[in-house]
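Participant: Structure, please.
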Amino acid sequence: MRYVKPLAVTATIAVMLGLFAPAASATPVCTDGYMGGPPLAVCGGRIFPESEITRGYVQFTPDPAGFAEYQHGIEYLAELYPRWVSVTTLREHYNNRDAVSAGEDQVRPYDEEDRDLGDGLDIFIIKITDHNVPDKNKKPLFFSLSVHGNERGGLEGGLRTAEDLAMAAENGGTISDGIDNYETTTGTKPKFHEYEVKDVLKKEVVYLTSFNPDGWAVGDTNKVPTAPYERGNSLGTDLNRQMPTVGRINEGRNPLQESEMKFGTMFMKEVADTAGGLMAYGADVHGELTSNAYVDIMYPAGEFDSLDHRTLMAIAERTKSNIDATLFEGIQDQIEEATGGDSGEGPDPSNSIPTKPAHWATVWDTLGYTDTGFIGDYLATDLAVTGMDYEIFLNHTVPDKTWNTYLQENHINATRQIIKTAMAYALFQKKEFKDFELNTRGRAGYLAGSKPVTDRDGNGAGTLPGPGQDGIGEDGKKVRQRHYKVTNLNWFKDTNRMMAKPFRAVRSNDVAGKTRGFKSLHTLVLADYKKMPKSAGASKRAYFKSLKKWVNGGGNLVLTDRSLHTLTGMGIVDKAAVQDIQVYQPYSDIQDFEHPMVEGLRPNARQLVETAPLGYCIGNTCSPMTVVDETAFTDASGHVVGTTGDGLVSVGELALGKGLIRVVGGALPTPTEVNDHRYGLRSYAPTYTGLYIMENSITYSRSGAKTATPDLAPSPQPRF
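Facilitator: Okay, here's the model as predicted:
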């Protein structure tokens, strides 16, 4: 996924590429005579051989004799294992000549001026299931492999996984949903399962595809003249920015404009519809140039409640556990030796030499940037119960056509575990947290009063959808705005489903009038109110006075986002001490991982919210946060838990009388209509970090100790 120009490759990478001996000379694909392919024995008894006897990447382009390794390899796989594998193309599936890539002529197949030469490449779909069992009621899983043509690992691993599954189903073999080699952060001790593949395929349908044959075929050694693999399709479009994701859309793009993703999205939705609208799992497997991990497991951006987050954390942890156990261990020693041995680790070990097999975090915390239109996000938020994006180390731009046995073994094995873990966990994921309950100890409430953000209010859509202010897309067609009606207060309503004592909604006049419903609360959350929300009969003076008295008496006041200005209204700090700032994404650098507000977080936890689903742009001055001057906060007896910038408190706790004030400067920002959001908006989008901080913050009892540790999750785990 990460874009790095070839010239940016470090000297360390160059050394690493040279440390591997050339692989034995053998064709990558053997079909035992089918369409002219070599005997299976040449490939070690497989169609797609293991890394050590492979000499290059699988070719999309036919060789001079007409043998097309990819197409004929998967066709022979289906012929050899007809019960377990079938193959089709989007063109065949939809009986539509337009369901192909753009092709070398760089013209879309449905070009209105009819300039297309009909040279679009087919997009193949590999279906793996027990074809003797009807698909009805099966759990579908979908994997996009190597959508960036210069990131080959996912496709190479996916092909071998397809063969693994067919062989195991036919001859016996198992897959597991994790290994007991880690401590979970979900708060529920995981149970692990091992299943016979043949039994899994009676209950599941697995789809594998590569949406970008253009970017792949252009780099084939069979191609004359050959060129580097390309990230995008022949038009240069990044197909991993083409999804109709809800939230802010980059104004310079028209999602679904390219045929590959127009028909690809139709197919993914069709697969989801076979299961009532949600696949069991959806993922996109990528490559990256450098990382501190061999595989980065990237958490999706979306509107996830407490149960959703735990299920996502579980699949991330389980996949990591299987990857950690199967990657070739000797590669780290070889890299270290090639870059200076024990006395030196290359020019930039923090960025060039992975230190852990696998790692999971948000996209921004992983890559240092984020975007919209990701296939993985779309799958995980719109079409599947769970889903992830994956980045595999040293599998982007370089090594390009160079086949390095040990690197490729890791790329292949990582992809194997990504697919197989998801398949196994899909049989258990809805059961693991079925008894989950969020216990806040004392009764919690939230301040109601914010108006929903909708396309049908006075402000309308804010900015007309599509590039520019005229609502016209890049292809000259008018872009329509989808309906939405959202509010950050939906987080409380959705969380209620998991609480023994649901949130109680109170209004400003309840606070100002000290009603019984307000006074009986143990916790009150104010979510992104810069000012007191209007309510009949409520005066500001009475409102702030009542809040302060309630906290002094033992209440727990949780302030998120712009509600941190309430500290000024209550007279806790001066007005100048509270600032509204703009950041790339809301984040907090945690200073005290032992504090109850951050209980259960992993030490790499940082990003608090994914703001693009809420309509915010992406950039250094795009996302809102509110912070408190550290000196003013500590002078008011505040304890700093996390900071955003020097001297600015974004997560902290302040004792007041018998009660507490907990501040979270970025958690539940109000959705915005300022940017192009043609597919609508989400109501809320805390990351797992933001979610845990909120859950910990609302866990409180007037009779309990002020800093009692909530029973939500185990102690912070060692750094991943």
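
Participant: Can you tell me the SS state at the nearest residue to residue 303 once chain neighbours are set aside?
Facilitator: Once flanking residues are discounted, residue 303 sits nearest to residue 682: 4.2 Å by C-beta to C-beta, 6 or more residues apart in numbering. (C-beta placed from N, C-alpha, C; glycine too.) State at residue 682, reduced to three classes by DSSP: H, G, I helix; E, B strand; the rest coil: coil.

Participant: can you map out the helices along the stretch 251-400 of the chain?
Facilitator: Along the stretch 251-400 of the chain, the stretches classed as helices by DSSP state H, counting those that start in this stretch are 259-273, 306-326, 330-338, 349-352, 363-367, 375-378.

Participant: CA atoms only for stretch 379-395, dumped as PDB, please.
Facilitator: Extracted in PDB, the C-alpha atoms of stretch 379-395 (Å, rounded to 0.1, in the frame of the first residue of the first chain):
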ATOM      1  CA  LEU A 379     -15.000  -4.700   3.200                       C
ATOM      2  CA  ALA A 380     -14.600  -4.300   7.000                       C
ATOM      3  CA  THR A 381     -17.200  -1.600   7.400                       C
ATOM      4  CA  ASP A 382     -19.800  -2.200   4.700                       C
ATOM      5  CA  LEU A 383     -19.600  -5.800   3.500                       C
ATOM      6  CA  ALA A 384     -18.100  -8.000   6.300                       C
ATOM      7  CA  VAL A 385     -18.300  -8.900  10.000                       C
ATOM      8  CA  THR A 386     -14.500  -8.400  10.300                       C
ATOM      9  CA  GLY A 387     -11.700  -7.400   8.000                       C
ATOM     10  CA  MET A 388      -8.200  -6.000   7.800                       C
ATOM     11  CA  ASP A 389      -5.600  -4.600   5.500                       C
ATOM     12  CA  TYR A 390      -2.200  -6.300   5.500                       C
ATOM     13  CA  GLU A 391       1.300  -5.000   4.500                       C
ATOM     14  CA  ILE A 392       4.100  -7.400   3.900                       C
ATOM     15  CA  PHE A 393       7.700  -6.200   4.400                       C
ATOM     16  CA  LEU A 394      10.100  -5.600   1.400                       C
ATOM     17  CA  ASN A 395       7.300  -6.300  -1.100                       C
END
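
Participant: between the helices of the stretch 251-400 of the chain, which gets nearest to residue 281?
Facilitator: Nearest of these to residue 281, taken as C-beta to C-beta: helix 306-326 at 7.4 Å.

Participant: Distance from the chain centre to that closest one, please.
Facilitator: 12 Å (C-alpha atoms, centre = their mean, to the nearest Å).

Participant: other SSEs contacting it?
Facilitator: Under the contact criterion of 3 or more C-beta pairs under 8 Å, 6 or more residues apart in numbering; DSSP states H and E, helix 306-326 touches strand 293-299, strand 356-362, strand 384-392, helix 405-425, helix 429-432, helix 688-698.

Participant: Give me the buried stretch members for that helix, please.
Facilitator: With burial defined by 16 or more other C-beta atoms under 10 Å, the residues of helix 306-326 counted as buried are 306-326.

Participant: Equivalent analysis for stretch 506-515, please.
Facilitator: Buried residues in stretch 506-515, counted by 16+ other C-beta under 10 Å: 506-513.

Participant: mind listing which of these are in strands?
Facilitator: Using DSSP state E, the subset of those located in strands is residue 506.

Participant: tell me which of the buried residues of stretch 506-515 is nearest to residue 96?
Facilitator: Comparing the buried residues of stretch 506-515 against residue 96 with C-beta to C-beta places residue 507 closest, at 54.9 Å.

Participant: Which residue lies closest in space to residue 444, excluding its sequence neighbours?
Facilitator: Per C-beta to C-beta, 6+ apart, closest to residue 444 is residue 523, 4.0 Å.

Participant: I figured residue 490 hits residue 683, correct?
Facilitator: Yes. If you go by C-beta atoms under 8 Å, residue 490 and residue 683 touch, sitting 3.9 Å apart.

Participant: more neighbours, those two?
Facilitator: Legend: neighbour count by other C-beta atoms under 10 Å for residue 490 and residue 683, higher for residue 683 (22 against 17).

Participant: What about the buried residues of stretch 506-515, which are in helices?
Facilitator: Using DSSP state H, the subset of these located in helices is 508-512.

Participant: picking up where we left off before, and the pLDDT at the residue nearest to residue 303?
Facilitator: Residue 682 is assigned a predicted lDDT (pLDDT) of 98.

Participant: Could you pull up phi and psi at it?
Facilitator: phi -90, psi 160 (degrees, to the nearest 10).

Participant: That one: how many residues sit nearby?
Facilitator: Counted with other C-beta under 10 Å, residue 682 comes out at 25.

Participant: Who are the contact partners of it?
Facilitator: 246-247, 302-303, 486, 613-614, 671 (C-beta atoms under 8 Å, 6 or more residues apart in numbering).

Participant: Go again with 6 Å.
Facilitator: Counting by C-beta atoms under 6 Å, 6 or more residues apart in numbering, residue 682 touches 246-247, 303, 613-614.

Participant: ditto for residue 494
Facilitator: residue 305.

Participant: Am I right that it sits in a helix?
Facilitator: Yes. Residue 494 forms part of a helix when assessed by three-state DSSP.

Participant: any idea how far residue 699 is from residue 588?
Facilitator: 18 Å (C-beta to C-beta, to the nearest Å).

Participant: quick one: which of these two has more around it?
Facilitator: Neighbours per residue, other C-beta under 10 Å: of residue 699 and residue 588, the larger number sits with residue 588, 28 against 25.

Participant: So that one is in contact with residue 652, correct?
Facilitator: No. Applying C-beta atoms under 6 Å as the test, residue 588 and residue 652 come out as separate, 9.5 Å apart.

Participant: So residue 366 sits against residue 297, correct?
Facilitator: No. Contact criterion C-beta under 6 Å: residue 366 and residue 297 do not qualify, at 8.4 Å.

Participant: Not counting its neighbours along the chain, what's nearest residue 258?
Facilitator: residue 237 (5.2 Å).

Participant: Now the one you found. Its backbone dihedrals?
Facilitator: According to degrees, to the nearest 10, residue 237 has phi -80, psi 130.

Participant: What about it, how many residues nearby?
Facilitator: Applying other C-beta under 10 Å, we find 22 residues neighbouring residue 237.

Participant: For residue 147, see how far away it is.
Facilitator: Residue 237 is 11 Å from residue 147, by C-beta to C-beta.

Participant: Now do the strands for the stretch 401-550 of the chain: every range, in order, please.
Facilitator: 444-447, 453-454, 485-486, 504-506, 523-527 (DSSP state E, counting those that start in this stretch).

Participant: List of residues touching the fourth one?
Facilitator: Residues outside strand 504-506 that contact it (C-beta under 6 Å, 6+ apart) are 445, 448, 517-518.

Participant: ok, so of those, who is nearest residue 401?
Facilitator: Looking across the contacts of strand 504-506 and measuring by C-beta to C-beta, the closest to residue 401 is residue 448, at 60.4 Å.

Participant: partners of the closest residue to the closest one other than its chain neighbours in the sheet?
Facilitator: Excluding its sequence neighbours, the residue lying closest to residue 448 (C-beta to C-beta, 6+ apart) is residue 505, at 4.3 Å. Using DSSP bridges, the bridge partners assigned to residue 505 are residue 446.

Participant: distance of residue 505 from residue 123?
Facilitator: 49 Å.

Participant: between these two, who's got more neighbours?
Facilitator: residue 123 (24 against 16).
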